[in-house]
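Asker: structure for the following, please:
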Amino acid sequence: MSFLKSFSRKALLVSSMALSASALANEAMDLDSLLKTLESGQAAQTQQNQQREAEFKARENQQVQMLNDLKSDRNNQLNRSERMETLFEENEIKLGNLSDTLSKRMGSLKELFGVLQQASGDASSKFRTSVVSAQIPNRSDVMDEMAKKMGSTSKLASIEDIEKVWFELQREMTEQGKVTRYNTDVIVAGGEKINKEVVRVGAFNLIADGQYLNYSPETNTISELTRQPVSRFQQSAGDLQAANSGIVDFALDPTGGSILGLLVQAPNRKEQVEQGGVVGYVILAVGALALLIALERFVSLMLIGAKIKRQLKSDVAKDDNPLGRVMKVKDQYPDVAYDTLELKLSEAILREMPKITRNLTLIKIISVVAPLLGLLGTVTGMINTFQAITLFGTGDPKLMAGGISTALVTTVLGLVVAIPTVFLYTLLNTRSRNLLLILQEQSAGIIAERSEKGA
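Answerer: Residues are numbered from 1 along each chain as shown. So this is what the prediction gives:
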């Protein structure tokens, strides 16, 4: 109140000063008028101050009421928290007692549900990769749900659930012994889907149009293998698909496609040769050259031998064979001594020798050079392997596969060329020597005949 009175006095003082200034300015207001004006302003100010005091007191009471309400609510919440804590502790005790009671009452059933959960999980993994799922999908989802249900402590398996697991296991075993035909979409080369008749051989293989198929569990799609196995396996697949009854030989993959996948990934002959690199192609070129030379020599020696055999049966010397040309030396020198005739015959045989033994030395050289080239490729491949090891370490075997393949393939190619080349050289050399022996034998006979006449 003292603050309000002081404030009122100051306000009156300010008002009086303002009025004084206004009176002085206007020079028209007298003292009575000024007094009345001050009295009316003081009364209005007092009334306004009283109104403000009343409003402040009303708000003070409201704030006190709000504070009391909040304290009461806090006390209620504290009491509720104590009750909830007590209830939680009581529920924990009850839950523990109920869990113990449940475990005691379940007894052997708990072991049964554990076995059921394990069987469902194992069956789910088996069904997910089985080719039977290509015809009967979504079986693994059922087993997954069963395994999750058995893993929960709040749910128990019903008789229907147990029978469902038994039924799916029995159906898998039954389907493994069947050869079934059904139509479905097959992804062929190029990515196009075509509806085809698919033959499922148990839980092992899928075939269509004589081609082996691959089942992808991740996408639940069937596609043709990018590379089919050798023709005899494809023939068995075609025979099985064409058969309507009876027993048919079929190349079965007992692993469900794993062995077949590795089989088709194995490189063929062309790819193996390509792994040999430049050295491998050089070895093959040298081997082909040796083969062509050997073929030409074999034909030539066979023709020369046939002509020599005909000449042996005839007394008339002919110029179309080496023996005939050697025998003509006797007619060309009828009066010379036998020692001179011997030299002339030896000269004639020497002239025929290059025609009979031509290019045999080249075949022998190739038989020696081929394994050396294979060794060169081996060394080159090992150098590449060691360089890969130096750069990338031994963590990834694929980085070393290229160098090792070159090393092994070139060695094999060198031996493949060298072994038959040695055999061909030996065969041709023996044949040529036999022909030369015939010439020398006939020459010795001619010399002996001339020697007898001279004696």
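
Asker: ok, residues contacting stretch 214-223?
Answerer: Residues from elsewhere that reach stretch 214-223 (Cβ atoms under 8 Å, 6 or more residues apart in numbering): 128-129, 131, 133-134, 137, 184-188, 198, 206, 213, 224-225, 257, 261. Backbone N, C-alpha and C define where each C-beta goes, glycine included.

Asker: could you rerun that using 6 Å?
Answerer: The contact list for stretch 214-223 (Cβ atoms under 6 Å, 6 or more residues apart in numbering) reads 128-129, 131, 134, 137, 186-187, 213, 225.

Asker: would you list those residues in a markdown table and tack on secondary structure and pLDDT?
Answerer: Formatted as a markdown table, the contacts of stretch 214-223 follow (DSSP: H, G, I helix; E, B strand; the rest coil; pLDDT from 0 to 100):
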| residue | secondary structure | pLDDT |
| --- | --- | --- |
| 128 | helix | 83 |
| 129 | helix | 82 |
| 131 | helix | 84 |
| 134 | helix | 84 |
| 137 | coil | 84 |
| 186 | strand | 89 |
| 187 | strand | 88 |
| 213 | strand | 87 |
| 225 | coil | 82 |
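
Asker: so how do I select the buried members of the residues you listed in ChimeraX?
Answerer: Selection of buried members from the contacts of stretch 214-223 for ChimeraX, criterion 16 or more other Cβ atoms under 10 Å:
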select :128,131,134,186,187,213,225
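
Asker: what is the nearest of the contacts of stretch 214-223 to residue 285?
Answerer: Distance to residue 285 across those (Cβ to Cβ) is lowest for residue 225, with 33.7 Å.

Asker: distance of that closest one relative to residue 231?
Answerer: Separation of residue 225 from residue 231 (Cβ to Cβ, to the nearest Å): 14 Å.

Asker: could you dump stretch 94-103 to CSV, C-alpha only?
Answerer: Output of stretch 94-103 as CSV, limited to C-alpha atoms (Å, rounded to 0.1, in the frame of the first residue of the first chain):
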residue,chain,number,x,y,z
LYS,A,94,3.6,-65.5,-9.8
LEU,A,95,5.3,-65.8,-13.2
GLY,A,96,8.2,-67.7,-11.8
ASN,A,97,5.9,-70.1,-9.9
LEU,A,98,3.8,-70.6,-13.1
SER,A,99,6.9,-71.3,-15.2
ASP,A,100,8.1,-73.9,-12.7
THR,A,101,4.6,-75.4,-12.7
LEU,A,102,4.6,-75.4,-16.5
SER,A,103,8.0,-77.1,-16.8
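
Asker: how about it: buried residues?
Answerer: Applying 16+ other Cβ under 10 Å to stretch 94-103 flags no residue as buried.

Asker: quick one: average confidence on the one helix or strand residue 287 maps to?
Answerer: Element membership of residue 287 [criterion: DSSP states H and E] is helix 277-312. Averaging the model's pLDDT scores along helix 277-312 yields 90.

Asker: counting by contacts, list what it packs against.
Answerer: Here helix 277-312 touches helix 322-332, helix 360-392, helix 398-454, going by 3 or more Cβ pairs under 6 Å, 6 or more residues apart in numbering; DSSP states H and E.

Asker: turn those into TSV, columns for mean pLDDT and mean neighbour count.
Answerer: Putting the helices and strands packed on helix 277-312 into TSV (pLDDT from 0 to 100; neighbours: other Cβ atoms under 10 Å) gives the following:
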stretch	mean pLDDT	mean neighbour count
helix 322-332	84	19
helix 360-392	85	17
helix 398-454	84	17
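
Asker: between the ones you listed, which gets nearest to residue 341?
Answerer: Per Cβ to Cβ, nearest to residue 341 of the helices and strands packed on helix 277-312: helix 398-454, 5.3 Å.

Asker: so, low pLDDT: which residues of the stretch 1-150 of the chain?
Answerer: Along the stretch 1-150 of the chain, segments meeting pLDDT under 70 span 1-30, 32, 34-35, 38-39, 41-43, 102-111.

Asker: doesn't residue 207 belong to a strand?
Answerer: Yes. Under DSSP: H, G, I helix; E, B strand; the rest coil, residue 207 falls within a strand.

Asker: tally of neighbours for it?
Answerer: When neighbours are defined as other Cβ atoms under 10 Å, residue 207 has 21 of them.

Asker: and it, how far from residue 180?
Answerer: 12 Å.

Asker: again with residue 291
Answerer: Distance, residue 291 to residue 180, using Cβ to Cβ: 51 Å.

Asker: out of those two, which sits in the busier spot?
Answerer: Applying other Cβ under 10 Å to residue 291 and residue 180 shows that residue 291 carries more neighbours, namely 16 against 12.

Asker: burial count for the residue nearest to residue 185 when sequence neighbours are not counted?
Answerer: What sits nearest to residue 185 in space, not counting adjacent residues and going by Cβ to Cβ, 6 or more residues apart in numbering, is residue 193, at 4.5 Å. Residue neighbour count, defined by other Cβ under 10 Å, stands at 13 for residue 193.
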